[in-house]
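Undergrad: From the sequence below, what's the structure:
(2 chains)
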2 protein chains.
Amino acid sequence: MNKTRKEIPVNTLERMVKYRRILDNYAADGKTIIYSHEMAKLAGNTPSQMRRDLMSCGCAGSTRAGYNVQEMQTNIKSVLGYSETKQTILVGVGNLGKAILSYFSFRVPRVQVVAAFDVMPHRIDRVISGTRCHDIKEMETIIKEQSVTLGIITVPREEAQALADRLVAAGIVGILNFAPVTLDLPDHVYVENMDITMKIEKIAFYSGEK
Amino acid sequence: MNKTRKEIPVNTLERMVKYRRILDNYAADGKTIIYSHEMAKLAGNTPSQMRRDLMSCGCAGSTRAGYNVQEMQTNIKSVLGYSETKQTILVGVGNLGKAILSYFSFRVPRVQVVAAFDVMPHRIDRVISGTRCHDIKEMETIIKEQSVTLGIITVPREEAQALADRLVAAGIVGILNFAPVTLDLPDHVYVENMDITMKIEKIAFYSGEK
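TA: Sure thing, here's the model as predicted:
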């Protein structure tokens, strides 16, 4: 129970996030009880796996009576660190950046996009899906003033590495990178890549093959 | 060499796609030779790993003289199956769907988005980033007429499973799913998920931890 976050395997975390979503949907539908076989099916795994996950994070329940939705929501959100909101910025307000801002404005819990940045004058000082776009020259100042720790990169490939270096120098420790490039960053920075062309290449390659 | 695609591991394929990108960038810059240490660094792996990958796909070269960029491009694209273009549709033309259409219109080789679909009358019969949006009622007909094999799902979570079932029934064998839900589909369908909220939850969880 007193594990540090780094000791929780990625696969376990991913399952926890799926359970959190399922419980949020159940709660939104006004349901108060969920059975382990329902939840396991919705999460795409087995009931025994699910029970192990829940036990490991201190969620009690029984197969027969089901789990209390609200109680399990609270427990899982506590494990996922929901008590703390993380401040985030987005850099690169082209089509993809705009879509991501719109996506984040209503779908993503616990993470708050506090500012966006671009170099193009016609994008600066506009508010997009509730987030103001600033001149990238102000980036370091705003990161410090607002205690921002996460950054979303939606700039073109050629600009991604230099931007990532600037973010890290300013104190950013987590990056969601949409640029199709492998970023070279210090070990203390946690990076996830959303590589759309890579995914489509994999689908094109493997689909329809026996 | 005569391996079927299913026998090529995902990790190897991902590295091949990275090499393809690096070579395309070199060629665009007018460079004709690439050294294995350069290419390995750009791809984020070791020169020896890279040479093994290239040998396994029949690309010859030498450490001293470097590799011929154009020849290696041709070989890698042949391995990746670039001789064949895959027809794709996108369903759900909200903000995310629009951004993905724009992204695909100029950045993604070998895959052609031939049509988009939606249920909302104001989106139908518009052309978005070069792709026409049709009434979803026409989906099955267009899939058959245009020999479409891949589908991109950008509809809301609640609609994703029913839509995926329709796509599979119409003959789709590869799906890129942007909806934050685990799709339950037959084994012959190859699915990749682009789960933006999952990625951001992982970054929020692991970043800044010792």
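Undergrad: low pLDDT regions in chain A?
TA: Scanning chain A for pLDDT under 70 picks out the ranges A:1-3, A:58-63, A:106-108, A:210.
Undergrad: Could you list the domains of it?
TA: Chain A breaks down by automatic domain parsing into domains covering A:5-79, A:86-199.
Undergrad: moving C-terminal of the lengthiest helix in chain A, what's the next helix or strand?
TA: Longest helix in chain A by number of residues (criterion: DSSP state H): helix A:10-28. Downstream of helix A:10-28, the next assigned helix or strand under DSSP states H and E is strand A:33-34.
Undergrad: Okay, now the sheet partners of that following strand, with direction.
TA: Here strand A:33-34 is paired, per DSSP bridges, with strand A:67-68 (antiparallel).
Undergrad: Report the buried residues of the strand ranked longest in chain A.
TA: Taking DSSP state E as the criterion, chain A has its longest strand at strand A:111-118. Neighbour counts over strand A:111-118 (16 or more other Cβ atoms under 10 Å in any protein chain shown) mark A:Val111, A:Val113, A:Val114, A:Ala115, A:Ala116, A:Phe117, A:Asp118 as buried. For every residue, glycine as well, the C-beta is placed using N, CA and C.
Undergrad: residues contacting the last one?
TA: The contact partners of A:Asp118, by Cβ atoms under 8 Å, 6 or more residues apart in numbering or on different chains, come to A:Val91, A:Gly92, A:Val93, A:Gly97, A:Ile124, A:Cys133, A:Asp135, A:Ile136.
Undergrad: List the beta-bridge partners for it.
TA: Note on A:Asp118: beta-bridge partners by DSSP bridges are A:Asp135.
Undergrad: Next one: A:Arg15 from A:Arg52, what distance?
TA: 10 Å (Cβ to Cβ, to the nearest Å).
Undergrad: cool, A:Asp165 as well?
TA: With Cβ to Cβ as the criterion, A:Asp165 and A:Arg52 are 41 Å apart.
Undergrad: try A:Thr74
TA: As judged by Cβ to Cβ, A:Thr74 and A:Arg52 stand 20 Å apart.
Undergrad: next one: A:Ile203
TA: 32 Å.
Undergrad: Quick check on the two: which one has the bigger neighbour count.
TA: A:Ile203 (24 against 12; other Cβ atoms under 10 Å in any protein chain shown).
Undergrad: thinking again about what came up before, going by neighbour count, list what's buried in the longest helix of chain A.
TA: Result for helix A:10-28 [16+ other Cβ under 10 Å]: buried residues A:Thr12, A:Leu13, A:Arg15, A:Met16, A:Val17, A:Lys18, A:Tyr19, A:Arg20, A:Arg21, A:Ile22, A:Leu23, A:Tyr26.
Undergrad: Ok, stretch A:145-154 next?
TA: A:Val148, A:Thr149, A:Leu150, A:Gly151, A:Ile152, A:Ile153, A:Thr154.
Undergrad: all strands of chain A, in order?
TA: So, for chain A - with DSSP E - the strands run A:33-34, A:67-68, A:86-91, A:111-118, A:127-128, A:131-135, A:150-153, A:174-177, A:190-193.
Undergrad: With distance to B:Ile143 as extra columns, can I get those in CSV?
TA: Below are the strands of chain A laid out as CSV (distance: least, Cβ to Cβ, whole Å):
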stretch, distance to B:Ile143
strand A:33-34, 36
strand A:67-68, 41
strand A:86-91, 35
strand A:111-118, 37
strand A:127-128, 34
strand A:131-135, 37
strand A:150-153, 34
strand A:174-177, 33
strand A:190-193, 31
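Undergrad: Can you check which of those gets nearest to B:Asp184?
TA: strand A:33-34 (17.7 Å; Cβ to Cβ).
Undergrad: what does the closest one rub up against?
TA: Residues from elsewhere that reach strand A:33-34 (Cβ under 8 Å, 6+ apart): A:Ile22, A:Leu23, A:Tyr26, A:Ala65, A:Gly66, A:Tyr67, A:Asn68, A:Val69, A:Met72.
Undergrad: now stretch A:129-142
TA: The contact list for stretch A:129-142 (Cβ under 8 Å, 6+ apart) reads A:89-91, A:93, A:98, A:101-102, A:104-105, A:113-119, A:123-127, A:148, A:166-167, A:169-170.
Undergrad: list the contacts for the spatially closest residue to A:Asn45 that is not a sequence neighbour?
TA: Distances taken as Cβ to Cβ, 6 or more residues apart in numbering or on different chains place A:Arg15 nearest to A:Asn45, at 6.5 Å, with adjacent residues excluded. Shown in contact with A:Arg15 (Cβ under 8 Å, 6+ apart): A:Ala43, A:Asn45, A:Gln49, A:Met50, A:Asp53.
Undergrad: The same query, at a cut-off of 10 Å, please.
TA: Shown in contact with A:Arg15 (Cβ atoms under 10 Å, 6 or more residues apart in numbering or on different chains): A:Pro9, A:Ala40, A:Ala43, A:Gly44, A:Asn45, A:Gln49, A:Met50, A:Arg52, A:Asp53, A:Leu54.
Undergrad: and if you look at A:Lys31?
TA: A:Leu23, A:Asn25, A:Glu38, A:Gly66, A:Val69.
Undergrad: now, the most widely separated pair of these?
TA: A:Asn25 and A:Gly66 (15.7 Å).
Undergrad: Redo the buried residues of strand A:111-118 as JSON lines? Include distance to A:Lys31.
TA: Listed next are the buried residues of strand A:111-118 as JSON lines, based on distance: Cβ to Cβ, whole Å:
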{"residue": "A:Val111", "distance to A:Lys31": "26"}
{"residue": "A:Val113", "distance to A:Lys31": "31"}
{"residue": "A:Val114", "distance to A:Lys31": "34"}
{"residue": "A:Ala115", "distance to A:Lys31": "38"}
{"residue": "A:Ala116", "distance to A:Lys31": "37"}
{"residue": "A:Phe117", "distance to A:Lys31": "42"}
{"residue": "A:Asp118", "distance to A:Lys31": "43"}
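Undergrad: nearest to chain B, of those residues?
TA: A:Val111 (5.3 Å; Cβ to the nearest Cβ).
Undergrad: Contact partners for the closest one?
TA: Applying Cβ under 10 Å, 6+ apart, the residues near A:Val111 are A:85-88, A:104, A:150, A:152, A:174, A:176, B:197, B:200-201, B:203-204.
Undergrad: try 8 Å
TA: Applying Cβ under 8 Å, 6+ apart, the residues near A:Val111 are A:Thr85, A:Lys86, A:Thr88, A:Phe104, A:Leu150, B:Ile200, B:Ala204.
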